[in-house]
Structure formats: structure tokens, C-alpha cells
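[1] What shape does this take:
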Amino acid sequence: MHSIIDEHYSLSVSNTRRIVILGKTGVGKSSLANTIFGEELFKIGHTANSATSECRAETKPVNGRNITVIDTPGFFDTDRSEEELKSEIVKCIIECAPGLHAFLIVFKVGRFTEQEQAVITKIKEYFSEEVFQYATVLFTHGDQLVKEQTIEDFIRDNKLVSDLVKKCGGRCHVTDNKDWKNDQQDEYRRNQFQVKELLNTIEKMSEANNGNCVTNEMLQAVESETKQEQAHIRQSSGNMSEEEIREKAKERVYNRLLIRLAGRS
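    Prediction:
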């Protein structure tokens, strides 16, 4: 399978940072998205089954900058068919267009096994090795860190994790979607503090990448096609808002992309 994202081009820096959250079902991706925004925007699952069945994006101002977070289903779960996977990757690409600034690769604090390593292999397969230039490793369930242990201590004790973080330029953070409320005595164990640190890391990473986004020809083509579709819809849109027009255009482009990909199978 060819990489979905295999090259990048310079894009002008906008005031919005687009962030994709990747990881297996159950690691707390949707809860992490809610933690970043400080409110319940994404549905949370309370069982072993994913509450996120498809890619979904939300945009809100956080710490003075617009942040778009794209929550994804368990791309790397073994029970997903190739067709389901293909469909959701197309949806992810449409939400990312014309490009994205950061990947958050999410794991739980705990044992880092061959299953977690398989996630890294899948990320490389679907998004290419270059993804790590724009990636930050993030661990949820920070309450599993022993008292006074930092995420850096946890990484140091596990070679697989340490190697992954090195691939990502040393970028690693931790949150606790449930217990690290802002009344914690220890600042390190406050989500508010950790989210601020995470967004600072993404800003520094963007600067190091000269303000570029991860993108490719498909992302650029999707954005161009979406804008053309918006123009067509606008001519007969009636009372539709610009947001409704863009959503309708994205839906049409998504359906066309799926048909094209099915034709290549």
C-alpha cells in the first residue's frame, strides 16, 4: 500500500493549528481532545468498544490560537476491515486539507508491548516515515505514574518508548483525562499545565519546520476540489451558511474519493 502522506510542501502559516490524534481504541483519544479544549465536545466510550466510529473535527480557540483537533477511530485495531480503514483515512485526509501541523501519537501509561509497537509500524505504513518529523508522543492515564515520577522517567525505563520518542525529536507529554484536575497541588499533575506545555511544543515544532504543514498532492487536490464544490453549492445554496456549504462540499468530495479508491482496488 502506498503511503497516504508521503511528502510535504510549504504552506503559509495561518492562525489555526490542525492536530490529528492517532492511536488504538481505548487509549483515551476522545478524552484527550476534550482535555485540550477544556470542555466535552467529543463523545467518550466507557466500554472496550470505540465511541468514535469516524473521523470528527472541532475548532476552538485555546491559549490565544485557534486549534482544530481531528479525532480518529481506532485505525490500528485488528478488527477493522481494509475497506473501513480506507474510508476513514479518506475522511481524515478531507478533514486535514490543505495540510496539518501535528500528529499526536497516543498511548496509555503502562506496559509498552508488541501491540503498541505494531501501531508505530502501521503509522509508518499509512502516513510514511516523515510523520515523525511532525509528531509528538502523548501518554494518557498519567495517574499510573508513581508518585514524583515524570513521563521522562517512564520513557527512560523502556527502550521501545525511548526509541519512538527519539524518532519524534524528543517530544513527549502526559495528561490524565480523569484525575488531573486543576486543583492538584503538584503543577505537573494538572491538565491545564500539560495542555499549555503540549501546545508550546507544537508551536516550537512548527517553527523548526519553518511553519510548514504535512501535506501531499492528494491533500492539495482535495482542498482545491472542495473549494470548487463550495462555489457550485453557493450558487444555489439558498439560506445555507458558509459552514453548511463547506460541510456539504466535503461530503461530496469524500464520496467521489471513495469511488476513485474503490476503482483502484
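
[2] okay, CA-based contacts and neighbour counts for the rest of this
    Fine.

[3] Please report the distance of Lys108 from Leu22.
    Separation of Lys108 from Leu22 (Cα to Cα, to the nearest Å) stands at 12 Å.

[4] From what I see, Thr72 and Phe42 are in contact.
    No. Thr72 lies out of contact with Phe42 (Cα atoms under 8 Å); the separation is 10.8 Å.

[5] Pick out whichever of these two has more residues nearby.
    Thr72 (24 against 20; other Cα atoms under 10 Å).

[6] wait, what's in contact with the more buried one?
    Val20, Ile21, Leu22, Lys29, Thr52, Ser53, Glu54, Cys55, Arg56, Glu88, Cys92 (Cα atoms under 8 Å, 6 or more residues apart in numbering).

[7] mind running it again at 7 Å?
    Neighbouring residues of Thr72 by Cα atoms under 7 Å, 6 or more residues apart in numbering: Ile21, Leu22, Thr52, Glu54, Cys55, Arg56.

[8] Number of residues surrounding the second one?
    Right, Leu22. Neighbours of Leu22 (other Cα under 10 Å): 24.

[9] ditto for the last one
    Neighbour count of Arg56, defined by other Cα under 10 Å: 17.

[10] hang on, isn't it packed against Pro73?
    No. Taking contacts as Cα atoms under 7 Å, Arg56 lies outside contact range of Pro73: 9.0 Å.

[11] Against which helices or strands is the helix or strand of the chain with the lowest mean pLDDT packed?
    Lowest on mean pLDDT, DSSP states H and E among the helices and strands of the chain sits helix 82-96, with a mean of 72. Counting contacts by 3 or more Cα pairs under 7 Å, 6 or more residues apart in numbering; DSSP states H and E, helix 82-96 is packed against helix 242-264.
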